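# Fold the stuff below for me.
(2 chains)
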Amino acid sequence: QKEVEQNSGPLSVPEGAIASLNCTYSDRGSQSFFWYRQYSGKSPELIMFIYSNGDKEDGRFTAQLNKASQYVSLLIRDSQPSDSATYLCAVNFRDMRFGAGTRLTVKP
Amino acid sequence: EAQVTQNPRYLITVTGKKLTVTCSQNMNHEYMSWYRQDPGLGLRQIYYSMNVEVTDKGDVPEGYKVSRKEKRNFPLILESPSPNQTSLYFCASSLSRGNTEAFFGQGTRLTVV
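Next comes the predicted model:
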């Protein structure tokens, strides 16, 4: 079992819709959770981090964490074509572990 | 401007010819690491360093070396590159090993023929 699993996609949503990206992790001791966005050929950049169970909102982005289910998600409201990218879930216990990423396409 | 700088951005080399990819950060971060990114496999850690003169293997260290003689620099060395090391490489730095944001360099696309 991979340590951090994401659906590779591609996930396609129309402009203005909600995009839902999901991630599961295997290490119950994981303490911090990150979402990075990576445009094609570019380096990953941090969108959000979450440490506690529940929801954390930042503008159009909401991260959701459920440690009991070992599940973390990212919701993007009012999706824009500029949100089209690969989204990497990262989980930190002793070291940062990355999922393979979900490719999101927002169609105008 | 806070940044992680990698060089070169693109490199094509031949099997067996030693090469070094440089990485430098200006944020006074203690923790630095190298990743390679391959399609379908995501980011895999090659080596990391918790401070000057302290380095350790990540998940895929075979065929790579690193050094950390100064806090800001963390070069990646391929003594004898092979075609299976063709990949996209990222250097990253963070304040500490756990629970903190990683800042990534621009990436180095390496092709070994």
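# what's residue 43 in contact with, if anything?
Answering for chain A, as no chain was given. By CB atoms under 8 Å, 6 or more residues apart in numbering or on different chains, the contact list for A:Ser43 reads B:90, B:104-107. C-beta: built from backbone N, CA, C; applies to glycine.
# other chain: chain B
B:Leu43 makes contacts with A:44, A:88, A:98, B:35-37, B:90, as judged by CB under 8 Å, 6+ apart.
# what about the one helix or strand it maps to, distance to the chain center?
Element membership for B:Leu43, per DSSP states H and E: strand B:42-51. In terms of CA atoms, centre = their mean, to the nearest Å, the centre of strand B:42-51 is set 7 Å apart from its chain centre.
# Can you check the pLDDT for residue 8?
Reading this off chain A. Note on A:Ser8: pLDDT of 82.
# not what I meant, chain B
With respect to pLDDT, B:Pro8 scores 97.
# I'd like the distance between B:Tyr10 and B:Glu53.
31 Å (CB to CB, to the nearest Å).
# just B:Gly40 next, same as before
B:Gly40 is 35 Å from B:Glu53, by CB to CB.
# The two: which is more packed in?
A count of neighbours by other CB atoms under 10 Å in any protein chain shown puts B:Glu53 above the other of B:Gly40 and B:Glu53, at 10 against 7.
# The more buried one reaches B:Glu70, doesn't it?
No. The pair B:Glu53 and B:Glu70 does not pass the contact test of CB atoms under 8 Å, sitting 9.8 Å apart.
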